[in-house]
Structure formats: C-alpha cells, structure tokens
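[1] Curious how this folds, go ahead:
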Amino acid sequence: MTIQADCRVAVVIPCYRVTKHILSVLAAIGPEVYRVFVVDDCCPDHSGDFVSEKSTDPRVVVLRNESNRGVGGAVMAGYRAAIEDKADIVVKIDGDGQMDPSLISQFIKPIVEGQADYTKGNRFFNLNQLREMPALRLFGNAVLSFLNKLSSGYWDIFDPTNGYTAIHTSIAKQLPYEKISARYFFESDMLFRLNLLRAVVRDIPMDAKYGDEVSNLKVTKVIGEFFVKHIRNFFKRVFYNYYLRDLALASIELPLGLILFLFGTGFGIYQWTHAVMDGVATPAGTVMLSALPTLMGLQLILAFLSYDISSVPRIPRQS
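    All right, here's what the predicted structure looks like:
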C-alpha cells in the first residue's frame, strides 16, 4: 500500500514490563510512521528510561505517566500527544511483541481511503489460526464479543479485547477522555464511545500470536466485571440513540417487549410454582395468559435487535 505523502501516521505503545520485547517492536515499525510515542505507564522496570537509553530511532518520543493509569490511561496520553503533534492517524500497538508492526499499513488503509474512522484487529477471522489461541481465552473472547456487540452496537465487529487499533485524529479529538475506562475494559468502552459518535469501525484480520510474553488480563477474573459494564453501556447507548437523539419504532418495541416478556415469564413461573405445590393442573386460560405476553414480548425484542443490527454506522465521520 502507498501512503499519501501528506498523511502523518503516529504509533502509540503503552509500556508496562515489556523491556524484553520493546526494542524489537520499535525496530519493526516501518517508514510509513513518522512518530512513535512510547508511554511509560509508571513501569517498575523503567521502560521509558530503557527505551531512551537503548533506542536510536529518531522517531521515538518517550512519554511518562506519573502514576499507573492502565492501558487506557497510557493510550489516552499517547492520543493527546499525537493530536498535539498534528498526526492524522494514530495506531496503537502493544510493546510485548504480540502485534506485528508490519500490519500497520493494513490497519490505516481503510482510514486513508475514507472507508472507516477506526480499525481494530480480529484474531478470529482465520479459523486455522485459532488453534494457537489458549482454549480459555478463545471461549472468553467469544462470550465477551457477544456482550460487546450488544453494548457497543457494532454487530459486525468481533474480538473486542484486541488492542491493535488505528483511529483518525478527527474522531480521537471528540472522545471523552475523562469518561473512557482506563484499564482492561478500555477497548470495549472505546467501541461504545465510538458508536455514540456514529463512527465507522472496521475489523482487520490478523493472526493470533503467542510467545513467552505474559498477559496481565485474566479472563476468569474480569468476565463478571465486564458483564456488568457491558449491560450498563447497553442501556446508556439505547437511551442516547433511541430516546435522547431520536425516536423510532424500535424505541417502542424494546420497552414494550421487555414489559410483556417479564410479565409473561414472571406470571408463568408464579402460577407453575403454585400448581406444583397444590398438585392442581393449571387451567388453559392461565397458561395462555402467560404464554402470549411472553411470545409477543420476545418477538418485539427480536424486532428491536433487528433494527439495531441494521443501524450500525456506515458513513465515516472523519474530516
């Protein structure tokens, strides 16, 4: 791919205990990048000092957070620096060697061509490569991907915890930095915020790559926290998009569907419990009084989801 001469591409690399891999990552970054912001997120291994001493790449600028702010806080610091440096596109990769810098041109291509505002990696695209992914992580990502579709509104996006991303700075400037989750929920929360901006997001296929690096993300520890945050973001998105900004048929379908479904299932469970305890058969009319609201509610909820899926942003907002 040939990058436009006037397109300024910057790379942000959050650094926390990555001194073993960071120099090889920097060395692999191609000439399409004009600046590399290495963010020392109060690393106990002093990653910033290590890069300053060992790297000879003139493009590298070391930023230091005074306290550990998590991957989100580190990326936000990098975004701010890139915007101030007049970058057009900002690519975020990790410093642990899991993300191949040679793919940067593929990540920025849809943005350069005006087809997307934000791109992210998808390790699930090549099914043959999934064998390299640990089974627990594979299952966890599948569950989190579904929850992310629900909360973000990007139903065509998968692998939400993938941190290989690129963004047009015109969109990055509009992000509410103080509200975005600073730690492991950062990538998922970014998609939620991007949907509120109606930004176009594209998945970029990439291979799963695992070496001797140690991941700080433990799926079993965060899946409960992620579930709660996804549900919270879902209701926020629905309120913003379907009631605050606009009203559509789907704005009626969801609440009415939930009321009918909850009434039908609740009434049915109540009547079934009493019937079992009393040993008396439930009358047909009572069964229908439970079944009809349940089925109607489910149909309305599915109609809302169908409308929501068709409402994924399609027109890029970059300028």
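[2] hey, where'd the strands end up in the stretch 101-250 of the chain?
    Using DSSP state E, counting those that start in this stretch, the strands of the stretch 101-250 of the chain run over 118-122, 165-168, 201-205.
[3] right, and the ones you listed - which one's nearest V11?
    Of all the strands of the stretch 101-250 of the chain, the one in closest proximity to V11, counting by CB to CB, is strand 165-168 (9.3 Å). Glycine gets a C-beta too; all of them are placed from N, C-alpha and C.
[4] G140 and T169: what is the separation?
    32 Å (CB to CB, to the nearest Å).
[5] One more: Y177?
    Applying CB to CB, the value for Y177 to T169 is 13 Å.
[6] Mind checking which of those two has more residues around it?
    A count of neighbours by other CB atoms under 10 Å puts T169 above the other of Y177 and T169, at 20 against 16.
[7] Pop the domain breakdown of the chain in here.
    9-242, 248-310 (automatic domain parsing).
[8] Pick the most buried one from those domains.
    Mean neighbour counts were compared across these using mean count of other CB atoms under 10 Å; the top stretch is domain 9-242, at a mean of 18.
[9] which residues do Y177 and T169 both contact?
    Residues touching both Y177 and T169 (CB atoms under 8 Å, 6 or more residues apart in numbering) are Y79.
[10] show me the contacts for F227.
    Neighbour list for F227: L147 [criterion: CB under 8 Å, 6+ apart].
[11] where does the stretch 151-300 of the chain dip in pLDDT?
    Within the stretch 151-300 of the chain, the ranges that satisfy pLDDT under 70 run 208-221.
[12] An error on my part: the question was meant for the stretch 1-150 of the chain.
    Low-confidence segments of the stretch 1-150 of the chain, defined by pLDDT under 70, span residues 1-5, 129-133.
[13] try 80
    1-6, 126-141 (pLDDT under 80).
[14] And the helices in it, which stretches?
    In the stretch 1-150 of the chain, helices defined by DSSP state H, counting those that start in this stretch lie at 22-27, 47-54, 70-84, 104-112, 135-152, listed in chain order.
[15] so how far is the third one off the chain centroid?
    If you compare the mean C-alpha spot of helix 70-84 with that of the full chain, they lie 16 Å apart, counting by CA atoms, centre = their mean, to the nearest Å.
[16] how near is the closest residue to L150 other than its chain neighbours to S145?
    Counting by CB to CB, 6 or more residues apart in numbering, L150 lies nearest to F234, which is 5.2 Å off, once chain neighbours are set aside. Plainly put, F234 is 14 Å away from S145 if you go by CB to CB.
[17] what's the answer for N195, then?
    Using CB to CB, we find N195 at a distance of 15 Å from S145.
[18] ditto for I171
    Distance from I171 to S145, by CB to CB: 22 Å.
[19] repeat for V280
    Distance from V280 to S145, counting by CB to CB: 46 Å.
[20] which helix is the longest one in the protein?
    For the chain, the helix with the greatest residue count under DSSP state H is helix 249-278.
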